[in-house]
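Enquirer: Quick one, fold the following:
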Amino acid sequence: MNTLPLIVILGPTASGKTRRAVELARIINAEIISADSRQIYRHMDLGTGKDIEEYGDVPYHLIDICPPGYKYNLFEFLRDYKAAENDIRARGRNVVLCGGTGLYIETVLKGIELPPVPQNPELRRELETKSLDELTDILRQYKTLHNTTDVDSVKRAVRAIEIQKYYHENPQLQAAATPHPMTNVVIVGVEISRDERRNRISSRLDARIDSGMIDEVRDLIYKHGVPAEDLIYYGLEYKFLTKYVIGEIPRDEMREQLEIAIHQFAKRQMTWFRGMERRGFNINWIPYDLPSEEFNERILDLCASGDYKE
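Expert: Numbers count the residues shown, from 1 in each chain. Here you go, the predicted model:
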């Protein structure tokens, strides 16, 4: 197989994108780079939906690379993505970027390089007593907020302010963060209806709870020593399961709130992807239930046509 453009397979949670990426990788001599902001953590398996067994003999990257409790960020992802891509290409193999973290995927496709931003202890002390609303107002003074990713927790808002203040004080660094959009890329979206997506999310949630997701959280807290507040920081499964494990909410409430939160998360993912299309990214949507051979043929046709460069 000749060298192909970067192939991105994205989609909302429970759309089956990992399986599609693996099936494609097998026939195009490719390795997979994960674009999932939580699958990087070790011991956080069921809650993040790693489904490692799906990869089989297909090599994957950026999964299980950090200890639980670590605060991985966008700068680190871009650094690690580029290192993985260079390594894969140097060995003559193709690259499939697969995941549902729109921020990670879009930043890669924009060709943005972020300089490292050091911590600012003095600034953090100034901000530590402020509420999330106050922090949000401060962040708005530095940039326009197009989404709520930076302000969905106090810790993230403080870090976002820290980064923007650093850029403001070092304007020469903004050149590195200027987009240089990739052109040699095919973006594929796994298309699934809202009703089917909701059904798959609900059934998958029950299966993961039955498979030991609660015990996974208990182990993270009591065996690996991850503070409960750090797990809550990761949101979704870890937020609600942790609250259940430490006795803040009953099991039925945990299950109900978690299901609602995952549905809302999937909706936000789709909102991001639609936003990418409005921002000029050509996402080729392919039905999730298409037979594997036809699904892969469509992707290879896109690679061969060169239309993705428009």
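
Enquirer: which other helices and strands contact the lowest-mean-pLDDT helix or strand in the chain?
Expert: Scoring the helices and strands of the chain by mean pLDDT, DSSP states H and E places helix 154-169 at the bottom, with a mean of 85. Contacts defined by 3 or more CB pairs under 8 Å, 6 or more residues apart in numbering; DSSP states H and E place helix 154-169 against helix 121-127, helix 132-140. C-betas here are computed from N, CA, C, even on glycine.

Enquirer: what about the ones you listed, which gets the closest to residue 5?
Expert: Closest to residue 5 of these is helix 132-140 (CB to CB; 35.6 Å).

Enquirer: how far out from the middle of the chain is that closest one?
Expert: How far helix 132-140 lies from its chain's middle: 24 Å, per CA atoms, centre = their mean, to the nearest Å.

Enquirer: Renumber starting at 54 from here on
Expert: Okay, residue one is now 54; in that scheme the one you just asked about reads as helix 185-193.

Enquirer: the inter-axis angle of that helix versus helix 207-222?
Expert: Compare the direction of helix 185-193 with that of helix 207-222 by axes from the mean of the first three to the mean of the last three CA atoms, to 10 degrees and you get 20 degrees.

Enquirer: for helix 185-193, packing partners?
Expert: In terms of contacts (3+ CB pairs under 8 Å, 6+ apart), helix 185-193 is packed against helix 207-222.

Enquirer: Dump the helix it packs on to CSV, restricted to CA.
Expert: This file holds the C-alpha atoms of helix 207-222, laid out as CSV (Å, rounded to 0.1, in the frame of the first residue of the first chain):
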residue,chain,number,x,y,z
VAL,A,207,-12.3,25.8,38.4
LYS,A,208,-8.9,24.0,37.7
ARG,A,209,-9.3,24.2,34.0
ALA,A,210,-10.4,27.8,34.1
VAL,A,211,-7.4,28.7,36.1
ARG,A,212,-5.1,26.9,33.7
ALA,A,213,-6.7,28.6,30.7
ILE,A,214,-6.2,32.0,32.2
GLU,A,215,-2.6,31.1,33.0
ILE,A,216,-2.0,30.1,29.4
GLN,A,217,-3.7,33.2,27.9
LYS,A,218,-1.9,35.6,30.3
TYR,A,219,1.4,33.9,29.3
TYR,A,220,0.7,34.5,25.6
HIS,A,221,-0.4,38.0,26.3
GLU,A,222,2.9,38.7,28.0
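
Enquirer: what's in contact with it?
Expert: For helix 207-222, contacts defined as CB atoms under 8 Å, 6 or more residues apart in numbering pick out 124, 126, 170-173, 176-177, 180-181, 184-185, 188-189, 191-192, 195-196, 202-204, 226-227, 230, 286.

Enquirer: Can you list the buried residues in it?
Expert: Using 16 or more other CB atoms under 10 Å as the burial criterion, the residues of helix 207-222 that qualify are 207, 209-220.

Enquirer: Could you do stretch 117-127 as well?
Expert: Under the neighbour-count criterion of 16+ other CB under 10 Å, stretch 117-127 has 117-118, 121-122, 126-127 buried.

Enquirer: No more questions from me, cheers.
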